[in-house]
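Participant: this one's sequence-less:
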């Protein structure tokens, strides 16, 4: 029989178990590796998203060789600098070319400092992309050292701060505009606590109170020491009202600077409350109104001067009308004398005629009232006291003036035509001042026609309602007229075409009309003469 070859020994159970364990471990290792890889990819994705959201890129340079080598340039860095990732990492030259030349030396200085002095550095600089876009970057650098203390790598981040820079520039411009506005308007702003201690002062407020901003905010009592002693209690009361009653509080007061300069200021405080209604702080403004106060005093002085000149003008014109006024007064007085004599005759008869005497006495009363009215108008026009604004019938106001100048017009052979609107709207005004305007215009017209011999001397006065709630009066003469240059100057102070005139009548008249909210102007006629027009707002407009 042939020999049967021996069979190989079957694997032991121990080897089998070892192989199985190895395979399981390998499988587990592969699963862990895959999971770590997925997690790493996920982390890289999160990092890329975070960098995109924060506009922050990361980079790294290897400094172990003779020439520094860029070994990392994140996706966000490509976007910030405008390089294409498909072209690979940019070179040092390409990076340098995109840095704005004026900033390149500062960037190089920061790099050198991090490498040679082995310290973290940072700086801001600008880059310009291929399309001309300029961006602002903030870069941080961190050197990595080996065991020997040599710099082997340089890590860093670059943040696109373009939008922040624009906002900061816009804020600076706004602050500059605000500062200029406060300077122009002499308005300072402040924030204070409940005890008046300053928490914030604008630059203009330092100037108003005469403190130096370089010294910082003044102490609590320092501003109070510069408030005029007579106004200090009122200031404290106003501040307490804002703090305790929690309402806006305002006050005009004076401050006295160390050099003795006194300023008038207007302060307004506004309490700021929290959600519980508790006071947090007081914010407000302080306006230097010194010049305004001075101007108000000057305006009051000028107003008084104009009132005095207007009074002088009225008295002067009344002097020119002395003969006409005497005639106006003499007529009713003559009637009084005549009717008095008649009354005596009726009463001294053997059989007194009581009825005729009564009629004569009635005429005496009528003429006496007429004389009293003339004297009252004269007294009103020559008084210094201003009369209150009232609802006026402009037609009647003008008629009263015409009654005074009637005799003068007759002696100057001037024919007066009054063309008054029957349904003329009432106006609001000072009767005496408006009569002064009419008197000046009528007297000027009569004077302008005094040398006219070849044509009739006609004075036409017209009233009518016009658009926009105005009533208009027109004084038209047939005198020598005015040329355009003269028309442009006749309302100037002290300008006159009369040999003995003051040059104030028309200037005063225009001021009166303007103060009433109206307008006074002159125009040349197509024929001989001049037209003066003035408008006044209707009553209630």
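Facilitator: Sure thing, it's come through. Source: prediction; values computed, not measured. Residues are numbered from 1 along each chain as shown.
Participant: Leaving out chain neighbours, which residue sits closest to the most centrally placed residue in the chain?
Facilitator: With distances taken as CA atoms, centre = their mean, residue 185 lies nearest the centre of the chain, 8.3 Å away. Excluding the flanking residues, the one nearest residue 185 by CB to CB, 6 or more residues apart in numbering is residue 287, at 7.2 Å. All C-beta spots, glycine's among them, are computed from the backbone N, C-alpha and C.
Participant: Return the list of helices and strands in contact with the helix or strand residue 116 falls within.
Facilitator: Using DSSP states H and E, the element containing residue 116 is helix 101-117. Contacts defined by 3 or more CB pairs under 8 Å, 6 or more residues apart in numbering; DSSP states H and E place helix 101-117 against strand 121-128, strand 134-145, strand 151-160.
Participant: The second one packs against which elements?
Facilitator: The helices and strands touching strand 134-145, judged by 3+ CB pairs under 8 Å, 6+ apart, are helix 101-117, strand 121-128, strand 151-160, helix 162-185.
Participant: what comes into contact with that strand?
Facilitator: 80, 100, 107, 110-111, 114-115, 118-129, 151-162, 164-165 (CB atoms under 8 Å, 6 or more residues apart in numbering).
Participant: and the residues you listed, which are buried?
Facilitator: 80, 107, 110-111, 114-115, 121, 123, 125-127, 151, 153-162, 165 (16 or more other CB atoms under 10 Å).
Participant: Surely the residue nearest to the centre of the chain and residue 286 touch.
Facilitator: No - contact criterion CB atoms under 8 Å: residue 185 and residue 286 do not qualify, at 11.4 Å.
Participant: Let me see the mean pLDDT of the helix or strand containing the residue nearest to residue 185.
Facilitator: Assigned by DSSP H and E, residue 287 belongs to strand 279-288. The pLDDT scores in strand 279-288 average 93.
Participant: how far is that strand from where the chain is centred?
Facilitator: Mean-position distance between strand 279-288 and its chain equals 20 Å (CA atoms, centre = their mean, to the nearest Å).
Participant: With stretch 528-541 instead?
Facilitator: 33 Å.
Participant: how long is it end to end?
Facilitator: Taking CA to CA, to the nearest Å, stretch 528-541 runs 36 Å from one end to the other.
Participant: Which segments of the protein make up each domain?
Facilitator: With automatic domain parsing as the criterion, the domains of the chain are listed as 47-160, 168-288, 321-385, 387-541.
Participant: so for the first one, what's the average pLDDT?
Facilitator: Averaged across domain 47-160, the pLDDT comes to 90.
Participant: ditto for stretch 231-242
Facilitator: 94.
Participant: Over to stretch 300-316?
Facilitator: 69.
Participant: With stretch 342-349 instead?
Facilitator: Computed over stretch 342-349, the average pLDDT equals 81.
Participant: what distance separates it from the middle of the whole chain?
Facilitator: 79 Å.
Participant: again, but for stretch 506-513
Facilitator: The answer for stretch 506-513 is 30 Å, by CA atoms, centre = their mean.
Participant: Stretch 16-33 now?
Facilitator: For stretch 16-33, the distance to the chain centre is 84 Å (CA atoms, centre = their mean).
Participant: Now it: average pLDDT?
Facilitator: So the average pLDDT for stretch 16-33 ends up being 72.
Participant: again, but for stretch 401-413
Facilitator: On average, stretch 401-413 scores 83.
Participant: ditto for stretch 209-223
Facilitator: pLDDT averaged over stretch 209-223 gives 93.
Participant: buried ones in that stretch?
Facilitator: 209, 211, 217, 218, 223.
Participant: Assumed residue 512 was part of a strand.
Facilitator: No - assessed with DSSP: H, G, I helix; E, B strand; the rest coil, residue 512 is helix; it does not lie in a strand.
Participant: That one: neighbour count?
Facilitator: Neighbour count for residue 512, taken as other CB atoms under 10 Å: 22.
Participant: Residue 91 now?
Facilitator: 10.
Participant: Straight-line length of stretch 268-284, end to end?
Facilitator: OK, stretch 268-284 end separation, CA to CA: 5 Å.
Participant: Kindly report the same for stretch 274-284.
Facilitator: 17 Å.
Participant: quick revisit: in helices, which of the buried residues of stretch 209-223 fall?
Facilitator: 209, 223 (DSSP state H).
Participant: would you turn the buried residues of stretch 209-223 into CSV with distance to residue 140?
Facilitator: Putting the buried residues of stretch 209-223 into CSV (distance: CB to CB, whole Å) gives the following:
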residue, distance to residue 140
209, 43
211, 40
217, 35
218, 40
223, 44
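Participant: Go through the buried residues of stretch 209-223 and name the one nearest residue 526.
Facilitator: Closest to residue 526 out of these is residue 209 (64.8 Å), distances taken as CB to CB.
Participant: In three-state terms, label residue 432 for me.
Facilitator: Per three-state DSSP, residue 432 ends up helix.
Participant: And for it, the neighbour number?
Facilitator: 20.
Participant: Please report the distance of it from residue 512.
Facilitator: Residue 432 sits at a distance of 10 Å from residue 512 (criterion: CB to CB, to the nearest Å).
Participant: Spell out which helix or strand contains residue 506, please.
Facilitator: Going by DSSP H and E, residue 506 is in helix 505-515.
Participant: Buried ones in that helix, by neighbour count?
Facilitator: So helix 505-515, judged by 16+ other CB under 10 Å, has buried residues 505, 506, 507, 508, 509, 510, 511, 512, 513.
Participant: Kindly confirm my reading that residue 490 is in a helix.
Facilitator: No - counting by three-state DSSP, one finds residue 490 to be coil, located in no helix.
Participant: neighbours of it, just the number please.
Facilitator: Neighbour tally, residue 490, other CB under 10 Å: 20.
Participant: so it sits right up against residue 510, yeah?
Facilitator: No - with contact defined as CB under 8 Å, residue 490 does not reach residue 510; the gap is 9.5 Å.
Participant: Excluding chain neighbours, what is closest to residue 232?
Facilitator: Closest to residue 232 by CB to CB, 6+ apart is residue 224, at 6.7 Å.
Participant: Test my guess that the one you found contacts residue 196.
Facilitator: Yes - between residue 224 and residue 196 there is a contact at 6.7 Å, judged by CB under 8 Å.
Participant: Residue 22 - how many residues pack around it?
Facilitator: With other CB under 10 Å as criterion, residue 22 counts 10.
Participant: Can you give the distance from the helix holding residue 506 to the centre of its chain?
Facilitator: On CA atoms, centre = their mean, the centre of helix 505-515 falls 29 Å from the chain's centre.
Participant: And stretch 518-533, by the same measure?
Facilitator: Using CA atoms, centre = their mean, the offset of stretch 518-533 from its chain centre is 38 Å.
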